[in-house]
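Undergrad: 3D, please:
(chains A and B)
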Amino acid sequence: MGHGGSSERLLNLALERFGVWLRSIVVCLCGALGIVSADAAEIPLAASLLVPAFLACGVRLYSLRRPRLFPSALLWTLDAAVLVLTGLSQPVLGGEGADVMVEAMVGISVVAFQYEWATRPVAGAALAALGAVVSVLGDVFSSPGQSPDLVPLVRMLIQVGLSRAAYLIVRALARAADRSAAVRAAARREMEVAAARRATEREYLATLHDTASATLLMVSQGDGRDWTWLPPRARQDLEAMSAVPGFETGSVDLAALLGCVPEGEGQARVRLKTYIEGPLAIPSGPGLAIFNGVREAVTNVARHAGVREAELRAWTEGDGAVVELSDAGRGFDPESVPARRRGISGSIIGRMHAVGGSASVTSQPGTGTCVQWRWHGRAPASQAGDGAQATGVPRPPRAQVQHTADVRFIRGRLLYGTQLAVLLISLVWQFTISLRRLVVHQDLYRPAWAQTAAFVCLAAVAVIGGAYLLRGRRIPPRVRGWSLGSVLAVSAVCAFTLPPEQSTAAPDWAFGVVGWHALFLLADLRVRVYAAFLGAHVGLNASSVFLSGAPTAAEWATMGISTIASCGFQLSVGVLMTNLLHGTAPAAGTAAAREEELRTRERIHEDMQRDHKERYRALTATTVPLLVGLGHGVLSPHDEEVRLRCGVEAARMRRLFAESDAVLDPLLNELRACVEVAEHQGVTVSLAVRGRPGEVPVEVRRELVDPVAVILGRTRSTARVTVVWTPLAVRVSVVSEDCADGRGTEGTGGMEGTEEAAQAHGRATDAKVTVERTTRGGSVWVEAGWRRPATSGVDLT
Amino acid sequence: MSMSDNAPVSVVVVDDHPAILSGVEAWYAASRRPITVVAAGDSVGEAWTAPGSTADVVVLDLQLGEGGPAFGSLRRLVDAGRQVVVYSMRDDEKTALNCLDLGAATFLTKSEGRDHLVEATLAAADERPYMPPALAGALGTNTRADRPQLSLREENVLIEWFQSESKELVAQRLGISVRTVNSYLDRVRIKYANLGRPARTKASLVARAIQDGLVDVNDL
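TA: Okay, here's the model as predicted:
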């Protein structure tokens, strides 16, 4: 990942801000202090050096807000200028105080540069080298003749190296977090895309059921009735079929929509008594789902309830809406409705689930029927869950849960990274800078063994904590408590076995290092706790100094600056860590979630369009021309041949709906769907199955069942449908009287037409389904066969 | 057993459903060759006691009362040398194959009764093979290890007869005569009889088929 994932990107940003602010504050504070404490004669010169340095810091701070305003070469030059100017100010200010101050300013600046220029390590390294040169020159100019002390220089370079190493560790973990987040996001995306596709599929099938399928079924059953409604309805159905579902946006007034629910006409008219508390503004997705469901339910009242009126109520509930349609008709037992009947399961319940709402049907034989739709604003736009959803139970928004999990994960990785980095700093610092000081100043300690024991104790704390960390475990609370106590004891022992005038000076090896040990132990707690520890640490040292007599103002100043340079810096790192864990991690999680959502939406959009094209193409060859003909009056519903074709298409659609059922024997299920349409038309169908069912791919099933749909759709008497499974093949056959065959050329033409259509139906597959057709007298026998793959033919029973 | 094509046939019908009994009697009454129902009732006892005990053919409903399929009754009747036409509500291949194994003359589902019961009864009386479509479907998809070896054509004829229930349609599709279709079906039935449980009825079925030139001894 060239530009890195969201964690890495935001980590770099946070570190840059940290580096710039830390350095600017230190330079400005120490510089101001230097100017104030300088001799009056030196002030103009010192100010002319340091004020431009302050301005350069200001520009750099401003550049944080406008990242692209300044070229990075200019920013680097400004940073170098700050270093040079502060270094030059050392001989100007003069005195020991100035030495300490400038050393602190340069030392902290070169560390800060490693974060400020984290993504350009060469620039950071060049600034560190410049800092080293500046501090050497500063020493040379301020105390001419003395050879420069190399020890502070080496110390500075160690600190720079540690800063860079710490950054690399944290970045590696941030990258790992980004990578694994990306992997999990990809898996999640697949799931969501699949769920969205299923939901759209359901919606599309429900729409087909209520529009084209219903229309075709009516035409195929119809006789001498009034067909004036048909052309506009057929045209509407065409529009509904070609519309891509799932892309409705904005909100609608449900009250207005419900006012348009058609009551039906003539015999099928249902008088609706409406009691609607409008307006009911809800998103158009759920709004249309409710509207379509109510439309279907009203036609159900006309068809099945045996009454001519129903009550339609709608009201708001919380931030959602409830719609209820009730009748006092003959009712039914919802349990006894077969799964293939889609009026209730698809048009009413499935459709509401697809948009995140719920619907329920309450009925008993003899007590009327009540259908209720519920939608609440909380519900997410898409959801994978199926099955009945208890209303009124708040569901945790899935995206929110996911987001929290992501943040927790990123936070965990960043915490681990920072702990590792601080552990490294603790150990390296203790065994380089501190160890040297301890060894060199052995003769100053009273007693010396106490300091050595303290050193060993501190090393043990780091090693024990490091062992837990490297094994990927959290440090147990008891261990943490003991470790912290030990660190504080080390601080006390070292403070009280050191001559007070040496406090915070070179022999005080412990003062600068215990803070790192404590930070490593307290990294996951609030920064307040760490600040309290540092307070105690500084308090112990101050009290040891105080107990041996009040120090002079100059001593106070030197100690103060040393304290700020070490403990202040450590505290700022503690603040940075808190910031990373509680600011950067959530931001990274949010950014990742947003990116993922975009990608998911893109994928869903693409897939839906493709799916829709596929589905639509499956119907273009057969259903669409028929609806176009009916819609524009070219085909007449009075024509028996047209009605037969409508029957065929209705059966085909039922087969399409049955495709998405989860059943053990999908082939039989799809055949039954076609058989049901025929039985609806009064055809007596016998269905017999022989052999052991096996797997048949959906595109093969389409071709196997289609001839049955065609023959059944064209018969008005009896038919025999069989499925024969042999180890080698599956054979689907239908025998019937063909109504159209006795009608001469016109009928034959019609038959050929549907067979061509059947070909088009199964186009673009190399399923190798063979269709054989035999006619004799009025009988027609069509058999579709498919050779099963060799492996599935083994029968072990 | 009479060889005459017009000799009257006596039948005992064992079925626990009165409507079925009266339907069966009506179909027999319409037969050109006289078929007399000498006894009828809801118990297998009818076939063992006079006058049922001497009937040429036993028509047996496999599902009597609350118990499971009456395979035991079928076995005892076959062992006694009776010609049994199993007449069942059950339309599954397992039951059909079991009945054939036990030595039933043929297996008919109740939905096939109108078209096939009379012919099946006459065939049983004459010890000729008879293959109704449901049984053909069961034999055509039989995958048991002990099944007889069938030729591809024989298997095809079985399945197509099951599918279309019309020998004319099968003959037309395969470009053969209805007679040939019949001989394929008969041959399959003989192959099954030859492999089945030793029983007098089976032996006579095979002997009769060889005598009629339906199969060659070498084929078996």
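Undergrad: Pretty sure residue A:302 sits in a strand.
TA: No - per DSSP: H, G, I helix; E, B strand; the rest coil, residue A:302 lies outside any strand segment and is helix.
Undergrad: centre of the chain versus the lowest-mean-pLDDT helix or strand in chain B, how much separation?
TA: One helix or strand of chain B scores below all others by mean pLDDT, DSSP states H and E: helix B:200-211, with a mean of 72. Distance, stretch centre to chain centre, for helix B:200-211: 14 Å (Cα atoms, centre = their mean, to the nearest Å).
Undergrad: Quickly find the element holding the residue lying closest to residue A:115 once chain neighbours are set aside.
TA: Using Cβ to Cβ, 6 or more residues apart in numbering or on different chains and skipping residues adjacent in sequence, the residue nearest residue A:115 is residue A:19, 3.5 Å away. In short, each C-beta sits where N, CA and C put it, glycine included. Element membership of residue A:19, judged by DSSP states H and E, is helix A:6-37.
Undergrad: what about the closest residue to chain B within the stretch 101-250 of chain A, distance to residue A:310?
TA: As assessed by Cβ to the nearest Cβ, chain B sits closest to residue A:220 within the stretch 101-250 of chain A, at 25.7 Å. Counting by Cβ to Cβ, to the nearest Å, the gap from residue A:220 to residue A:310 is 27 Å.
Undergrad: Dig out what the most centrally placed residue in chain B forms beta bridges with.
TA: A centroid search over chain B (Cα atoms, centre = their mean) returns residue B:106, at 1.6 Å, as the residue closest to the centre. Legend: beta-bridge partners of residue B:106 under DSSP bridges are residue B:85.
Undergrad: what angle do the helix or strand just after the helix holding residue A:19 and helix A:6-37 make?
TA: Remark: after helix A:6-37, the chain's next helix or strand is helix A:43-65, criterion DSSP H and E. Note on geometry: by axes from the mean of the first three to the mean of the last three Cα atoms, to 10 degrees, helix A:43-65 and helix A:6-37 are set 160 degrees apart in direction.
Undergrad: in helix A:43-65, what's buried?
TA: Within helix A:43-65, the residues scored as buried using 16 or more other Cβ atoms under 10 Å in any protein chain shown are A:46-47, A:49-50, A:53-54, A:56-57, A:60-61, A:63.
Undergrad: Run through the helices of the stretch 101-250 of chain A in chain order.
TA: A:121-142, A:150-208, A:214-221, A:230-242 (DSSP state H, counting those that start in this stretch).
Undergrad: closest to residue A:318 out of those helices?
TA: Of all the helices of the stretch 101-250 of chain A, helix A:150-208 sits nearest to residue A:318, with 23.5 Å by Cβ to Cβ.
Undergrad: Pull the contacting residues for the residue nearest to residue A:115.
TA: The neighbours of residue A:19, taking Cβ atoms under 8 Å, 6 or more residues apart in numbering or on different chains as the test, are A:112-118.
Undergrad: do that again at 6 Å, thanks
TA: Neighbouring residues of residue A:19 by Cβ atoms under 6 Å, 6 or more residues apart in numbering or on different chains: A:112, A:115-116.
Undergrad: Relative to residue B:75, which of those is nearest.
TA: Nearest to residue B:75 among these is residue A:115, at 93.3 Å by Cβ to Cβ.
Undergrad: Apart from its chain neighbours, what residue comes closest to residue A:199?
TA: Of all residues not flanking residue A:199 in the chain, residue A:354 sits nearest, at 4.0 Å (Cβ to Cβ, 6+ apart).
Undergrad: What is the burial count for that neighbour?
TA: 27 (other Cβ atoms under 10 Å in any protein chain shown).
Undergrad: try residue A:491
TA: When counting by other Cβ under 10 Å, one arrives at 28 neighbours for residue A:491.
Undergrad: cool, residue A:181 as well?
TA: Residue A:181: 24 surrounding residues under other Cβ under 10 Å.
Undergrad: burial measure for residue 184, as a count.
TA: No chain in the question, so chain A it is. By the criterion of other Cβ under 10 Å, residue A:184 has 16 neighbours.
Undergrad: should've been chain B
TA: Residues near residue B:184, counting by other Cβ under 10 Å, number 23.
Undergrad: cool, residue A:417 as well?
TA: Count around residue A:417 with other Cβ under 10 Å applied: 26.
Undergrad: repeat for residue A:271
TA: Neighbours of residue A:271 under the rule other Cβ under 10 Å: 11.
Undergrad: wait, doesn't it sit right on residue A:309?
TA: Yes - using Cβ atoms under 6 Å, residue A:271 is in contact with residue A:309, at 4.3 Å.
Undergrad: Let's see the pLDDT reported for residue 183.
TA: I went with chain A, as the question did not name one. pLDDT recorded at residue A:183 is 84.
Undergrad: right idea, wrong chain: chain B
TA: Note on residue B:183: pLDDT of 89.
Undergrad: Which of the helices and strands in chain A ranks last by mean pLDDT?
TA: Ranked by mean pLDDT, DSSP H and E, the weakest helix or strand in chain A is helix A:744-761, scoring a mean of 39.
Undergrad: So residue A:509, which state does it fall into?
TA: Three-state assignment for residue A:509 (three-state DSSP): coil.
Undergrad: Please report how far it lies from residue A:163.
TA: Separation of residue A:509 from residue A:163 (Cβ to Cβ): 20 Å.
Undergrad: Show the backbone phi and psi for residue A:723.
TA: Torsion angles at residue A:723 (phi, psi; degrees, to the nearest 10) stand at phi -120, psi 130.
Undergrad: got a list of what the residue nearest to the centre of chain B touches?
TA: Taking Cβ under 6 Å, 6+ apart, we find residue B:106 in contact with B:85, B:120, B:130.
Undergrad: Could you report the distance from it to residue B:120?
TA: From residue B:106 to residue B:120 the distance is 5 Å (Cβ to Cβ).
Undergrad: got any residues that touch both of those two?
TA: Counting by Cβ under 6 Å, 6+ apart, the contacts common to residue B:106 and residue B:120 are B:85, B:130.
Undergrad: ok, back up a step: the residue of the stretch 101-250 of chain A closest to chain B against residue A:648, yeah?
TA: No - between residue A:220 and residue A:648 there is no contact under Cβ under 6 Å: 8.2 Å.
Undergrad: Looking at these two, which one has more neighbours?
TA: The neighbour count for residue A:220 versus residue A:648, taken as other Cβ under 10 Å, is higher for residue A:648 (28 against 23).
Undergrad: which SSE is that one in?
TA: Using DSSP H and E, residue A:648 falls within helix A:640-659.
Undergrad: list the buried ones in that helix?
TA: Buried residues in helix A:640-659 (16+ other Cβ under 10 Å): A:640-659.
Undergrad: Which residues of chain B lie near chain A?
TA: By Cβ under 6 Å from any Cβ of the partner chain, the residues of chain B that approach chain A are B:93, B:137, B:141, B:143, B:159, B:163-164, B:168-169, B:172-173.
Undergrad: quick one: the residue sitting furthest away from the middle of chain B from chain A, how far?
TA: For chain B, the C-alpha farthest from the mean C-alpha position belongs to residue B:175; by Cα atoms, centre = their mean, that distance is 26.8 Å. Noted for residue B:175: a distance of 11 Å to chain A, by Cβ to the nearest Cβ, to the nearest Å.
Undergrad: Just the element for the residue nearest the centre of chain A, please.
TA: Centroid-nearest residue in chain A: residue A:593, 4.2 Å away (criterion: Cα atoms, centre = their mean). Using DSSP H and E, residue A:593 sits in helix A:585-620.
Undergrad: And for residue B:38?
TA: Residue B:38 belongs to strand B:35-41 when elements are defined using DSSP H and E.
Undergrad: Okay, buried residues for that strand please.
TA: Applying a neighbour-count criterion of 16+ other Cβ under 10 Å, one finds B:35, B:37-41 buried in strand B:35-41.
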